[in-house]
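In: Build me a model from this:
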Amino acid sequence: MKNLFKRTLSLLLVLVMAASMLPVVYAQEATAAPNSEPTVLTQEDYTSADAVFAQISKMEDAPATKNASETELADQAAAIVMASESYVEGSLERNGNSFTWFTQEGVRCIYNPYMREKYENMQAPKNAEPSGIYNEPKATKGGWPSGNQVYLIAPYYGIDDSFTDQYKNEAKSIASAIGDTDGYTLYSGTSVTVDKVAEAVSNGAVVIFDSHGTTDYDGKYVCNDPDGYEVYDYVSQAKYSYLCLTNKTGLTTEDYNDGATYFTDSEGDMCACINGATIANHMTKKSPGGLLWMAICLGMATNTMCEPMRDMGVEVVYGYSQSVTFAGDYCFEETFWDNMIAGKTVAQSISAMKSKWGEWDWSEPIASSYGYSGSGYSLSEARKYRSAFPTVVSDEDTHPGQRTSNDSSYGACSTQTVKSTYTLFSQYTVTATSNNTAYGTVSVNGATITAKPATG
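Out: This next block holds a predicted model:
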């Protein structure tokens with residue numbers, strides 16, 4: 001089951017306690033970055049941060065830390081940070097074995113064992129497509145929602161071979177259904193900047209994030225799952241949920257003040273972790289009433305991805321409460337979008353999705369579909385092992401809340417009855433004719449709208 005995980009549910013390496021380490025570094029009260037006015041950061045502004053991460057990587061690889069625990073590694077990493085010339089005094093804020101700090105240039109950096117290990121285990125796919133832009137954006141047209149553009153945001157295509165063509169095929173189907181006959185717009189690999197993400201959310205009737213996701217909290221061991229892998233808590237003390245990018249271009253001091261973070265791994269590969277406020281900061285206009293599908297880990301662990309974009313006009317946001325597997329996400333998305341394309345509401349599509357696949361990741365139907373019959377989780381097991389629960393936020397559906405360390409308070413790790421009446425198509429009923437047999441556009445009261453598929 002391990003190799004099906006889209007975003008691993010637990011750390012895969014268990015480090016043993018070291019004989020001698022630096023003293024524990026306690027969390028300090030965080031302060032704001034020194035730059036209060038939004039300033040676009042240059043490559044030179046990241047030089048000091050990269051130097052600190054290089055020191056941390058050297059420490060982790062040293063023979064003296066070979067048998068170190070994760071807590072002790074975090075202690076030593078924090079000591080390196082606070083000894084650096086670029087460190088802003090008092091800015092280190094620790095959350096378990098994860099912590100953030102500011103550099104003098106205004107970059108909020110993050111030390112996150114979960115994401116560092118994830119990066120270490122990435123493998124580039126064979127015959128990878130070049131990073132770039134495919135299908136340049138078109139001018140928006142009328143419709144329901146008020147646009148017909150489909151965007152696929154895919155920062156790890158060509159970088160991480162875990163990602164497949166699943167969402168390319170789905171985006172193509174959605175675009176065809178809502179009248180974007182020239183195809184969807186794909187931003188992939190290192191070409192994906194915060195401004196490209198903001199452009200997509202500003203213009204997209206449907207936007208898909210197919211990426212990695214994380215939070216700013218890491219380090220609380222919960223238990224071992226049935227396969228023996230350690231399960232960690234990434235949610236209870238998290239302040240932010242993040243979309244991970246492989247390009248930091250365009251990020252500003254305002255973005256880092258609003259919670260965005262930055263890190264590099266031992267190979268120098270970088271990750272910019274952006275939240276909903278970061279994206280909203282870069283949007284040039286409000287969304288055309290779009291639907292955002294977040295196929296990322298932990299996107300709904302907090303409300304910090306969905307709410308800022310909802311404030312900017314996004315009508316519906318879908319995501320997961322915990323780390324999701326490729327297997328579970330692919331099952332959920334296929335059934336949901338089949339129903340949406342057929343003219344169903346979000347509520348109806350989610351209901352059909354859950355009827356077929358269950359209400360959490362690695363349910364028995366999902367496990368069986370991938371040849372693991374009998375290994376699916378019950379509801380209590382799903383909560384215990386921190387399975388991902390699909391979560392929808394809309395005008396009719398509030399965020400269920402954040403899971404706390406108290407196991408009786410499950411927040412978004414709960415079953416949800418979705419109420420959203422949002423559809424991809426006009427609320428008008430359009431009769432199919434010889435000139436409009438399925439999806440085409442028609443004029444109603446002077447407005448151009450997209451017709452629902454013909455039935456019967």
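In: For the rest of this, base every contact and every neighbour count on C-alpha atoms.
Out: OK.
In: For stretch 220-232, buried residues please.
Out: The neighbour-count check on stretch 220-232 (16 or more other CA atoms under 10 Å) flags 220, 223, 229-232 as buried.
In: Compute the first-to-last residue distance for it.
Out: 5 Å (CA to CA, to the nearest Å).
In: and that stretch, how far from the chain's centre?
Out: 22 Å (CA atoms, centre = their mean, to the nearest Å).
In: any idea of the mean pLDDT for that stretch?
Out: Stretch 220-232 carries an average pLDDT of 92.
In: Show me the two of the buried residues of stretch 220-232 that sit farthest apart.
Out: 220 and 229 (14.1 Å; CA to CA).
In: Pull the number of nearby residues for residue 407.
Out: 11 (other CA atoms under 10 Å).
In: What distance do you get for it to residue 377?
Out: The gap separating residue 407 from residue 377 is 17 Å, by CA to CA.
In: Repeat that for residue 67.
Out: Note on residue 67: its distance to residue 377, by CA to CA, is 33 Å.
In: How about residue 240?
Out: 27 Å.
In: Same check on residue 248?
Out: 38 Å.
In: Is residue 196 in contact with residue 185, as I believe?
Out: No: the criterion here is CA atoms under 8 Å, and residue 196 misses it with residue 185 at 10.7 Å.
In: which of the two has more neighbours?
Out: Neighbours around residue 196 and residue 185, counted as other CA under 10 Å, are more numerous at residue 185. The numbers are 25 against 19.
In: Tell me what that one is bridged to.
Out: residue 151 (DSSP bridges).
In: pretty sure it contacts residue 134?
Out: Yes: the pair residue 185 / residue 134 is scored as a contact, 5.9 Å apart, by CA under 8 Å.
In: now the helices for the stretch 51-200 of the chain?
Out: Assigned by DSSP state H, counting those that start in this stretch, the helices in the stretch 51-200 of the chain fall at 70-83, 113-120, 166-178, 194-203.
In: right, so of those, which gets closest to residue 278?
Out: helix 194-203 (7.8 Å).
In: Please enumerate residues in contact with the closest one?
Out: For helix 194-203, contacts defined as CA atoms under 8 Å, 6 or more residues apart in numbering pick out 140, 147, 149, 151, 153, 187, 207, 248-251, 274, 278-280, 282-288, 290, 292, 309, 314.
In: on that earlier part again, and of the helices of the stretch 51-200 of the chain, who's closest to residue 423?
Out: Comparing these by their distance to residue 423 (CA to CA), the top pick is helix 166-178, with 10.7 Å.
In: what comes into contact with that closest one?
Out: 148-152, 181, 183-184, 208, 210, 330, 334, 337, 341, 424-425, 439, 450.
In: among these, which ones are buried?
Out: Among these, those buried by neighbour count (16+ other CA under 10 Å) are 148-152, 183-184, 208, 210, 330, 337, 341, 424-425, 439, 450.
In: quick check, nearest of those residues to residue 373?
Out: Checking the buried ones among the contacts of helix 166-178 against residue 373 by CA to CA gives residue 330 as the nearest, at 17.5 Å.
In: how near is that closest one to residue 272?
Out: For residue 330, the distance to residue 272 equals 25 Å [CA to CA].
In: residues of stretch 400-413 that come out buried?
Out: Using 16+ other CA under 10 Å as the test for burial, stretch 400-413 gives 400-403, 410-413.
In: Roughly how far does residue 348 sit from residue 66?
Out: Taking CA to CA, one finds residue 348 at 52 Å from residue 66.
In: Contact partners for residue 89?
Out: Counted by CA under 8 Å, 6+ apart, residue 89 has contacts residue 82.
In: quick one, phi psi at it?
Out: Residue 89 adopts backbone torsions of phi -50, psi 130, taken as degrees, to the nearest 10.
In: Distance check, it against residue 82.
Out: According to CA to CA, residue 89 and residue 82 sit 8 Å apart.
In: Same question for residue 46.
Out: Taking CA to CA, one finds residue 46 at 17 Å from residue 82.
In: thinking again about what came up before, who has more neighbours, residue 67 and residue 377?
Out: residue 377 (21 against 15).
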